[in-house]
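[1] sequence first, then the predicted structure:
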Amino acid sequence: MKRIVYTAEELSARVHALGRDITDAYPDGPLLILGLLKGSFIFVSDLVRSIQRPLQVDFLVAASYGSEMVSSGEVRLVYDPETTLEGKHILLVEDIVDSGRTLGKVMEVLAARDPRSIEVCALLHKHVATHLKYPPRFVGFDAPNEFLVGYGLDHAENYRHLPYIAGLQ
Ligand code: IMP
Ligand code: MG
């Protein structure tokens, strides 16, 4: 039923490398890591421990007006961080970029708040979207175009706790 796509060891090695890239990419200024819940919760917790510079962590919760996050296209923030974004480097952390619609809407809202810079870090990128307004600057893996679960990713809220990422079939 499940095929392992990325083992816990592969995830750990790649997340450490991303942490080093992010450390090098932000030599100065305040850095705010914004995790997009729920899917990013495990990735964020591992990633921030691999970044060796001062930073702050907060989370966002986005929801669609309809019931299906991916099909609705209308996204609003149901939890919005208290911290100001003005003058800070903002790194939005996503579990997976599929159509990129969630990301696009959330980035528009955040970019309007005068951050010093705003970029995206995605653990997985399916590369199915033809045009992304905010292509992720940091990507963990170019993922196969199949439904993936584990390491934060769910199917109907199940499987988020798996230490590896698997394809459901
Ligand atoms: P997008 O707006 O189409 O890019 O969808 C992004 C969101 O859909 C992600 O943050 C996930 O919550 C969910 N999603 C997309 N593909 C998958 C998948 O393969 N497994 C689990 N969730 C997914
Ligand atoms: Mg989901």
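    Cool, the structure landed. Numbers count the residues shown, from 1 in each chain. Ligands and ions are numbered 1, 2, ... in the order given.

[2] secondary structure class for Val109?
    helix (DSSP: H, G, I helix; E, B strand; the rest coil).

[3] which non-adjacent residue is nearest it?
    Leu77 (6.3 Å; CB to CB, 6 or more residues apart in numbering). All C-beta spots, glycine's among them, are computed from the backbone N, C-alpha and C.

[4] wasn't the one you found part of a strand?
    Yes. Under three-state DSSP, Leu77 falls within a strand.

[5] who are the contact partners of it?
    The neighbourhood of Leu77, defined by CB atoms under 8 Å, 6 or more residues apart in numbering, consists of 60-63, 106, 109.

[6] do the same with His155
    147, 149, 168.

[7] just checking, the second one touches Tyr159?
    Yes. Using CB atoms under 8 Å, Val149 makes contact with Tyr159 at a distance of 3.8 Å.

[8] please enumerate the shared neighbours of these two.
    166, 168.

[9] hang on, the earlier thing: in strands, which of the contacts of His155 fall?
    The strands, defined by DSSP state E, take in 149, 168 from the contacts of His155.

[10] of the contacts of His155, which is the nearest to ligand 1?
    Among these, Phe147 lies closest to ligand 1 (CB to the nearest ligand atom), at 4.4 Å.

[11] which SS state does Glu9 fall under?
    Per three-state DSSP, Glu9 ends up helix.

[12] tally of neighbours for it?
    Number of residues near Glu9 (other CB atoms under 10 Å) recorded here: 10.

[13] next one: it from Pro163, what distance?
    10 Å (CB to CB, to the nearest Å).

[14] ok, now Leu153?
    12 Å.

[15] name the residue in the two with the higher neighbour count.
    Leu153 (23 against 12).

[16] what's that one in contact with, if anything?
    39, 95-96, 124, 159-160, 165.

[17] narrow the residues you listed to those in strands?
    95-96, 124, 165.

[18] turn those residues into CSV, columns for distance to ligand 1, neighbour count and pLDDT.
    Formatted as CSV, the ones in strands among the contacts of Leu153 follow (distance: CB to the nearest ligand atom, whole Å; neighbours: other CB atoms under 10 Å; pLDDT from 0 to 100):
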residue, distance to ligand 1, neighbour count, pLDDT
Asp95, 5, 26, 97
Ile96, 5, 21, 96
Leu124, 8, 25, 98
Ile165, 9, 27, 98
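
[19] mind putting these in JSON lines, distance to Glu82 included?
    Output for the ones in strands among the contacts of Leu153, formatted as JSON lines (distance: CB to CB, whole Å):
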{"residue": "Asp95", "distance to Glu82": "23"}
{"residue": "Ile96", "distance to Glu82": "27"}
{"residue": "Leu124", "distance to Glu82": "29"}
{"residue": "Ile165", "distance to Glu82": "32"}
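
[20] I am finished for the moment; much appreciated.
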